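Student: Provided below are the primary sequence and the corresponding predicted coordinates.
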Amino acid sequence: MENKRNVPIIEWEDMDKRKFYLFGVLMTMAIRLSIYPFTLIRTRLQVQKGKSLYTGTFDAFAKIVRAEGMPGLYRGFLVNTFTLISGQCYVTTYELTRTYLSRRSSSNVVKSVVAGGAASLVAQTITVPIDVVSQHLMVQGQAMGRFQASSPPRQPPPSSPGRPFIGNTKDVVLGIARLDGPRGFYRGYAASLMTYIPNSALWWPFYHLYTGAG
């Protein structure tokens, strides 16, 4: 049956790699900036005991801004930006795996399933340790945090009395390594693989089916 969708497919070898990596990172960064505060709020709501700190999303937003200022909504953001690497590695792994498999199989389904699964494996291997550290930073200094800063607290500026001291990335990394060892950086890794590998392995075959390339 004739494909009436006329969806253009840009192959990996025809892509301008410099523009792809540059604009891909910039667009992803812009999206992260807009949604990160809600990710932080969600994380704090999920790990708090009952409603010990926040009664809901808007209450959490108001209390975080009042106690920590707007930067409080971006705790751990700089560490989290390193996950941008995983996004680029995902696409690169997918395309290179498909290219490799093209020499051994003509089935788009096989190539898409294997390449999609491999891409998620690589991406999650990079993402999970970064997420673990950034999530600890999100809650550090709160009653729910596992690790507290080893550095002495700074005196809050007069314009923001009572602003709590939040530790830094080094304290969290050392705390995880000391208490949990290297495995501590991969908490939830198996669950992430079980979530993202099947999702990616199934998504790509349907994509190619929709575009008529299957």
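Tutor: Arrived safely, thanks for sending.
Student: where does the chain have low pLDDT?
Tutor: Applying pLDDT under 70 to the chain picks out residues 1-9, 141-167, 212-214.
Student: all helices for the chain, in order.
Tutor: Assignment of helices within the chain using DSSP state H yields the ranges 17-47, 57-68, 77-80, 84-102, 108-139, 169-180, 189-211.
Student: Specify the stretch among these that is closest to Glu11.
Tutor: Proximity to Glu11 (CB to CB) singles out helix 84-102 among these, at 8.5 Å. C-beta: built from backbone N, CA, C; applies to glycine.
Student: The closest one to helix 108-139, inter-axis angle?
Tutor: Calculated by axes from the mean of the first three to the mean of the last three CA atoms, to 10 degrees, helix 84-102 forms an angle of 170 degrees with helix 108-139.
Student: quick one, helix 84-102 and helix 189-211 angle?
Tutor: Using the same axes, to 10 degrees: helix 84-102 against helix 189-211 is 60 degrees.
Student: Can we start the residue count at 27 from this point?
Tutor: Okay, using 27 as the starting number, the last item reads as helix 110-128.
Student: Just the CA trace of helix 110-128, in PDB.
Tutor: Provided in PDB are the C-alpha atoms of helix 110-128 (Å, rounded to 0.1, in the frame of the first residue of the first chain):
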ATOM      1  CA  LEU A 110      22.400  16.100  28.700                       C
ATOM      2  CA  ILE A 111      25.300  14.000  27.700                       C
ATOM      3  CA  SER A 112      23.100  10.900  28.000                       C
ATOM      4  CA  GLY A 113      20.600  12.300  25.500                       C
ATOM      5  CA  GLN A 114      23.200  12.800  22.900                       C
ATOM      6  CA  CYS A 115      24.700   9.300  23.600                       C
ATOM      7  CA  TYR A 116      21.200   7.800  23.300                       C
ATOM      8  CA  VAL A 117      20.700   9.100  19.700                       C
ATOM      9  CA  THR A 118      24.300   8.400  18.700                       C
ATOM     10  CA  THR A 119      24.100   4.800  20.000                       C
ATOM     11  CA  TYR A 120      20.800   4.200  18.300                       C
ATOM     12  CA  GLU A 121      22.000   5.400  15.000                       C
ATOM     13  CA  LEU A 122      25.300   3.700  15.100                       C
ATOM     14  CA  THR A 123      23.800   0.400  16.200                       C
ATOM     15  CA  ARG A 124      21.200   0.600  13.400                       C
ATOM     16  CA  THR A 125      24.000   1.300  10.900                       C
ATOM     17  CA  TYR A 126      26.000  -1.700  12.200                       C
ATOM     18  CA  LEU A 127      22.900  -4.000  12.100                       C
ATOM     19  CA  SER A 128      22.000  -2.900   8.600                       C
END
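Student: what's next to that helix, contact-wise?
Tutor: With contacts defined as CB atoms under 8 Å, 6 or more residues apart in numbering, helix 110-128 is touched by 38-39, 46-47, 50-51, 54-55, 58, 136-138, 140-142, 144-146, 148-150, 152-153, 156, 230.
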